[in-house]
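Novice: What would the 3D arrangement of this be:
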Amino acid sequence: MASPIAVFATSDGLDQHVTPDWHPERPGRLDAALAGIPAAGLNDAVEYREPRLATVAELSLVHDAAYVDGIERFCGAGGGDLDPDTFAAPGSWATARLAAGAVLGAVEALRSESCDVAFAAGRPPGHHAVPDRAMGFCLFNNVAVAAAQLAEQGQRVAIVDWDVHHGNGTQDMFYDDPRVLYVSTHEAPLYPGTGRADETGGPNAPRGNLNLPFPAGTRGDVFRRAVDEVISPVVSEFAPDWLFISAGFDAHRLDPLAGLELSSADYADLAIRLQSLVPARRTVVVLEGGYDFDALSTSTGATLSAMIGEDYRPDAVSTGDVGLPTIAAAKQRWEIR
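Specialist: As a prediction, this is how the structure comes out:
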């Protein structure tokens, strides 16, 4: 009998993306996210599965072949700093391929109907990686690899990225691709400085990119309205076959790297709303950022619990009206009545 939730995560000893002790994106993040599963009472609902290695050909669907080869060589030579924020260790080549493979495996599990919800819990995260460069803690764009593969197979794909940082890499990869819709809710101004509201897609995909840049202090009430009043109509118009949630949990009020003020219960509400926009067994949750371990744990548990109809709410929803002008501007720009 299929388990409701399939979790693709590397077992102990296989995560070799060892970053310096001071680095926010460190191995303990994955342990913290997975700890949210038993805390939410989901042990009996979950089956843990080993991710496979994404192939070079799969990575090359969205990354330049020379860049993929360069990461392998860089890690093989001992690794080091790729930029001031992004580090690679000797084992990062394999671990990053497992992170991308986790998303590919999640798609395969849903297609085979061996689960109802799939969670790709890999690291390093991916949404900042661009075709020819690592950045923002990211080596390969994990969600983009799987989205591109589905698009090549004739599927329409929506990616909703609720990480507090704009997913510049994902946007760049699909900005002019009519097969993929990219949606981002992010704090602005904030790293990486991209994600303007007027970036709505290229000539071949003029309504293929929706950015909702929110000011610091925005809370869950406004995010719920953003989904109901803007994101849902845009996604429904696009009519995707698949939905990926780039689930960074760093918009949580406890996160040290940003200033949005969501709660774990807010993520549960957002997940329920987004999941309803595509057919059953067509939503993949992909771990992106999140750097407070307690927030990462409770938010993961609340999100997965909500998606199978359970009600793990470790905190209250957050309320407030900061950020409402972002919604009003988006409705005008996208001509939503």
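Novice: Nearest residue to residue 50 in space, ignoring adjacent ones along the chain?
Specialist: What sits nearest to residue 50 in space, not counting adjacent residues and going by C-beta to C-beta, 6 or more residues apart in numbering, is residue 11, at 6.4 Å. (Glycine included, C-beta is placed from N, CA and C.)
Novice: Please state the offset of stretch 265-272 from the chain centre?
Specialist: Between the centre of stretch 265-272 and the centre of its chain there are 14 Å (C-alpha atoms, centre = their mean, to the nearest Å).
Novice: Over to the nearest residue to residue 91 once chain neighbours are set aside. Which of the three states is it?
Specialist: Excluding its sequence neighbours, the residue lying closest to residue 91 (C-beta to C-beta, 6+ apart) is residue 16, at 2.3 Å. With DSSP: H, G, I helix; E, B strand; the rest coil as the basis, residue 16 sits in coil.
Novice: pLDDT below threshold where in the protein?
Specialist: Along the chain, the model assigns pLDDT under 70 to residues 1, 12-13.
Novice: spatially speaking, which residue is in the middle of it?
Specialist: Centroid-nearest residue in the chain, with C-alpha atoms, centre = their mean: residue 246, separated by 1.5 Å.
Novice: A helix includes that residue, no?
Specialist: No - Residue 246 sits outside any helix when classified using three-state DSSP, being strand.
Novice: Assess the claim that it and residue 286 are in contact.
Specialist: Yes - counting by C-beta atoms under 8 Å, residue 286 is a contact partner of residue 246 at 5.6 Å.
Novice: Now for the two: what residues contact both?
Specialist: Residues touching both residue 246 and residue 286 by C-beta atoms under 8 Å, 6 or more residues apart in numbering: residue 143.
Novice: how about the strands of the stretch 101-250 of the chain, start to end?
Specialist: 117-120, 157-161, 180-187, 209-214, 242-247 (DSSP state E, counting those that start in this stretch).
Novice: what's the closest of these to residue 63?
Specialist: Proximity to residue 63, assessed across those by C-beta to C-beta, is greatest for strand 180-187 (15.6 Å).
Novice: Which other helices and strands does that closest one contact?
Specialist: The helices and strands touching strand 180-187, judged by 3 or more C-beta pairs under 8 Å, 6 or more residues apart in numbering; DSSP states H and E, are helix 142-152, strand 157-161, helix 168-174, strand 209-214, helix 232-238.
Novice: Which residues does the second one contact?
Specialist: Surrounding strand 157-161, the residues in contact under the criterion C-beta under 8 Å, 6+ apart are 127, 143-144, 147, 150-151, 167, 170, 174, 179-186, 231, 235, 238, 240-246, 248, 274, 277-278, 288.
Novice: give me that answer again for 7 Å
Specialist: 127, 143, 147, 150-151, 167, 170, 179-184, 231, 235, 238, 240, 242-246, 274 (C-beta atoms under 7 Å, 6 or more residues apart in numbering).
Novice: how close does the residue in the chain sticking out farthest from the centre get to residue 87?
Specialist: Computed with C-alpha atoms, centre = their mean, the residue of the chain farthest from its C-alpha average is residue 77, at 29.7 Å. Separation of residue 77 from residue 87 (C-beta to C-beta, to the nearest Å): 14 Å.
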